[in-house]
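Q: Would you be able to build a 3D model of this:
(one chain, ligands or ions: 1)
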Amino acid sequence: MALNKFMHPRNLYKSKKPNFQELALKYPDFRKFVFPDVTGKLFLDFKHPDSLRQLSVTLLEEDFGLKLELPLDRLVPTVPLRLNYIHWLEDVLTASKADKGIKGIDIGTGSSCIYPLLSCRIHKDWTFLATEVDDKNFMYTQRNIENNGMKERITVKRANAVDGTVLCDILKDNPDKFDFCMCNPPFFADHVEAEAVAKSRSYSRADPKSVCTASFTESIVEGGEVNFVKKIIKDSMELGTKIRIYSSMIGKKSSLPPLKEELRRLKIPKFTTTEFCQGKTMRWGLAWTFDHNVNFPKSLFQESKKERPPLVYQVPRCPNDLDYDVTNICARLQTLLAGLKIQYDVTLNQKSLVRMTLVAKENTWSNQRRKRRQQKQQKVTAQMEHSTGAENIDKIAKCEPFDDLQTFQVNSPCEEYHNCDAKEKQGTISCDVTKNMQQNLVFKNICEVAKENGEKQFSSGETTNPKLNAENLSKELEDNKESVVNLAQPQCTTNVIKDEGVNCTPDQSKTKDNKKRKLSDSDIKSEIIDKTLESPAKRKIITSESGVIVHPEINVKCEQVTSSTTDAGSTSLGKKSTEEMANGYSELFGDSVEEKIFLKCLLKIKLSTPHVVIEMTWIEGENKESMHQVLQYIKNKMSVTPVTECQ
Ligand code: SAH
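A: Sure thing, here's the model as predicted:
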């Protein structure tokens with residue numbers, strides 16, 4: 001499930017996905033870790049600790065002006081998740097009327113000191129006390145605090161790993177009061193648990209798409225995270241309101257029930273849980289307080305799951321209507337839904353209850369009358385266009401001279417074909433060739449589509465002088481062939497690569513030379529190319545058989561060409577590895593193109609004797625109004641034509 005829509009609204013990465021292309025151009029260190037796939041899109045190997053570390057370091061510098069040094073053998077912090085935790089704490093503080101001069105504690109700050117550094121960078125008046133047990137982490141954290149000029153605002157203290165308390169010992173001689181404490185605790189009870197998680201998808205903590213670099217002390221603690229957080233809870237009982245808000249991140253959902261149970265057992269007056277959603281991973285937050293003035297706001301995710309009363313519609317019944325039952329009304333409803341192109345998935349099918357999930361990708365129910373009118377008009381126009389005959393189109397479809405343009409991109413060939421202007425009276429078709437060409441139209445493809453359309457449309461034999469029309473159109477296309485090449489070239493230079501024995505025109509090779517020259521002018525860009533050239537497989541990504549170097553960036557639309565020039569036995573970035581890398585990206589940041597759902601709802605058709613009732617419950621979508629509209633549409637249809645015609 002893509003969770004980005006539940007990412008904290010202020011999380012920078014909710015709307016801004018990292019652009020590897022831009023980052024690679026700007027940061028030479030990052031550039032070393034990205035590789036183009038066959039389409040030229042840059043990827044990062046999320047399974048490689050060094051890549052992950054570099055991504056975090058680069059994002060922190062680019063987006064927060066923080067310069068971090070991280071050891072390879074320690075936990076690499078992922079930025080979107082850390083931000084979600086910080087933003088949630090901000091919300092709690094605001095709701096609890098604490099918004100100035102905030103003092104926080106970070107328990108186990110790691111090598112990065114990520115929470116204090118990020119928080120202090122975002123909030124100019126926050127200060128932190130950070131704790132750490134691991135020597136190496138302690139050293140790196142000190143260095144990171146210094147390198148970012150935060151010594152005045154962040155203090156790091158060494159904690160006792162073995163038998164010390166988590167908080168009490170640290171705060172023993174500290175007279176200050178703190179607004180909150182936070183923690184990303186070591187998660188696992190032992191190696192067995194850590195390894196089981198690494199191999200299993202069932203644990204919500206599992207993060208198999210990206211490597212885990214955490215060291216022993218960072219990831220494993222006796223009793224796992226439950227035990228660690230219980231220690232904080234125990235300390236909080238002693239410290240009371242010295243810290244206003246106690247909190248911890250929770251890595252496994254299964255840890256929440258025992259921890260909540262512990263809070264209840266100790267009669268801690270107020271506690272809450274929240275969700276940290278980013279990319280495809282979810283973590284949880286747990287907070288508690290002894291201060292009655294602290295308020296815990298609800299998370300977006302919880303809000304979305306809040307029960308909403310369903311919309312209910314009692315299907316009207318006509319006298320003598322024998323088909324008035326759940327099954328028949330369901331069948332009728334399904335016809336209506338199919339007509340609206342609303343997908344439905346029947347999850348329960350019983351005589352007195354049918355349950356289905358509806359998914360609409362777009363609004364197909366509004367302005368039905370206008371849409372019908374437009375469709376009618378289109379149909380008439382299409383009939384006029386197509387009345388020129390299938391035979392002609394069939395003939396045009398064989399217009400071989402245009403083969404050398406076969407690698408041009410096609411923008412919706414059907415649409416393009418409909419640009420053809422039918423001159424029915426004169427018995428000719430004249431295509432708006434220039435327009436088509438400007439949009440990189442492949443003539444062969446038009447013809448193919450035309451042929452397809454022709455076969456469909458003309459099977460009834462509605463043709464007018466087919467032979468003449470075909471010849472006219474064929475000639476017209478031939479006459480315009482030259483302008484096709486000239487017009488299309490500037491936009492499609494990378495596509496016009498010698499391929500499968502097709503020769504480039506002199507003009508085309510000139511363009512290739514230009515491209516070559518342009519690239520060698522740019523040091524940074526060519527470095528990416530050089531890197532790509534390192535491996536023979538990757539070389540194939542950016543070179544054609546004729547040896548023309550094509551910059552990956554430019555090559556994005558050349559799939560047809562590049563794939564045909566890649567050797568079968570090559571070791572190019574395979575589909576699987578790029579998929580894996582893309583998965584790693586979406587685990588952290590979400591999919592770059594998330595599937596849009598206009599409306600998703602639950603629909604029940606049930607018998608509520610003596611009536612059949614339709615119930616619709618909102619799940620998700622653009623706006624709740626759309627569910628009302630769909631029900632209104634159903635109501636209109638149901639009331640106009642009952643299941644069987646009323647006598
Ligand atoms: N906060 C960092 C690191 C989390 S890993 C981040 O979010 O990226 C957990 C950290 O807690 C490790 O660095 C580990 O060394 C530290 N740790 C373990 N036990 C601790 C204790 N009793 N007190 C303080 N830190 C501890």
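
Q: make it CA atoms for all contacts and neighbour counts henceforth
A: Noted.

Q: Next, the one residue in the stretch 251-400 of the chain that gets nearest to the ligand: phi, psi?
A: Taking Cα to the nearest ligand atom as the measure, the point where the stretch 251-400 of the chain comes nearest the ligand is Gly251, at 11.0 Å. Main-chain torsions, Gly251, degrees, to the nearest 10: phi -90, psi -20.

Q: for Glu620, same thing?
A: Dihedral angles (degrees, to the nearest 10) for Glu620: phi -160, psi 170.

Q: tell me the contacts of it?
A: Glu620 makes contacts with Ser304, Ile597, Leu599, Lys600, Cys601, as judged by Cα atoms under 8 Å, 6 or more residues apart in numbering.

Q: pLDDT weak spots in this protein?
A: Scanning the chain with the threshold set as pLDDT under 70 gives 1-2, 188-220, 304-307, 386-583, 586, 590-595, 640-647.

Q: For it, list the residues in contact with the ligand, please.
A: With the criterion set to Cα under 6 Å from any ligand atom, the chain comes near the ligand through 75, 77, 107-110, 131-134, 159, 161, 166, 184-186, 217-218.

Q: Check the spacing between the nearest residue to Phe187 once chain neighbours are set aside and Pro186 real quick.
A: Nearest non-adjacent residue to Phe187, counting by Cα to Cα, 6 or more residues apart in numbering: Glu225, 4.5 Å away. Using Cα to Cα, to the nearest Å, Glu225 is found at 6 Å from Pro186.

Q: on that earlier part again, could you tell me which of the contacts of Glu620 are located in strands?
A: With DSSP state E as the criterion, strands contain Leu599, Lys600, Cys601 from among these.

Q: Any idea what the first one is bridged to?
A: Here Leu599 shows beta-bridge partners Ala360, Gly621, assigned using DSSP bridges.

Q: List the contacts of it.
A: If you count contacts by Cα under 8 Å, 6+ apart, Leu599 has them with Leu358, Val359, Ala360, Lys361, Glu362, Ile619, Glu620, Gly621, Glu622, Asn623, Ser626, Met627.

Q: Could you tell me how many residues sit around the fourth one?
A: Right, Lys361. 15 (other Cα atoms under 10 Å).

Q: got it, and the first one?
A: Residues contacting Leu358 under the criterion other Cα under 10 Å number 19.

Q: Is it in a helix, a strand, or coil?
A: strand (DSSP: H, G, I helix; E, B strand; the rest coil).

Q: That one is in contact with Phe598, isn't it?
A: No. Judged on Cα atoms under 8 Å, Leu358 makes no contact with Phe598 at a distance of 10.6 Å.

Q: picking up where we left off before, Glu275 versus the residue of the stretch 251-400 of the chain closest to the ligand, what's the distance?
A: According to Cα to Cα, Gly251 and Glu275 sit 11 Å apart.

Q: Common neighbours of these two, please.
A: Arg283, Trp284.

Q: ok, so of the contacts of Leu599, who is nearest Ser255?
A: Comparing the contacts of Leu599 against Ser255 with Cα to Cα places Ile619 closest, at 27.2 Å.

Q: neighbours of the nearest residue to the closest one once chain neighbours are set aside, just the number please.
A: Of all residues not flanking Ile619 in the chain, Cys601 sits nearest, at 4.8 Å (Cα to Cα, 6+ apart). Using other Cα under 10 Å as the criterion, Cys601 is surrounded by 20 other residues.

Q: Run through the residues that contact Cys601.
A: Residues near Cys601 by Cα under 8 Å, 6+ apart: Thr357, Leu358, Val359, Met616, Thr617, Trp618, Ile619, Glu620, Met627.

Q: how about 10 Å then?
A: Contact analysis of Cys601 by Cα atoms under 10 Å, 6 or more residues apart in numbering lists 310, 344, 356-360, 616-621, 624, 627.

Q: buried subset of these?
A: The neighbour count (16 or more other Cα atoms under 10 Å) marks 344, 356-360, 616-621, 624, 627 as buried among those.

Q: Val166 sits in which helix or strand?
A: For Val166, there is no helix or strand it lies in under DSSP states H and E.

Q: Helix, strand or coil: sort out the closest residue in space to it that isn't next to it in sequence for me.
A: Closest residue to Val166 apart from its sequence neighbours, by Cα to Cα, 6+ apart: Ile232 at 6.2 Å. Using three-state DSSP as the criterion, the local structure at Ile232 reads helix.

Q: circling back: mind telling me what element the residue nearest to Phe187 is part of?
A: helix 224-239.

Q: For that helix, list every residue counted as buried.
A: In helix 224-239, counting by 16+ other Cα under 10 Å, buried: 224-230, 232-236, 239.

Q: out of these, who's nearest the ligand?
A: Nearest member of the buried residues of helix 224-239 to the ligand, counting by Cα to the nearest ligand atom, is Phe228, at 7.9 Å.

Q: Can you report phi and psi for the residue in the stretch 451-600 of the chain that the ligand sits nearest to?
A: Of all residues in the stretch 451-600 of the chain, Leu588 sits closest to the ligand, at 14.4 Å by Cα to the nearest ligand atom. Note on Leu588: its backbone torsions stand at phi -90, psi -40 [degrees, to the nearest 10].

Q: who's in contact with it?
A: 4, 13, 17, 46, 78-81, 207, 209-210, 277-282 are the contacts of Leu588 under Cα under 10 Å, 6+ apart.

Q: and the gap between it and Val312?
A: Leu588 is 40 Å from Val312, by Cα to Cα.

Q: now swap in Trp365 and tell me
A: From Trp365 to Val312 the distance is 19 Å (Cα to Cα).

Q: Who has more neighbours out of those two?
A: Trp365 (20 against 15).

Q: Look up the closest residue to Ile145, ignoring the ones flanking it.
A: In this structure, Ile145 finds its nearest non-sequential neighbour in Lys151, 5.8 Å apart by Cα to Cα, 6+ apart.
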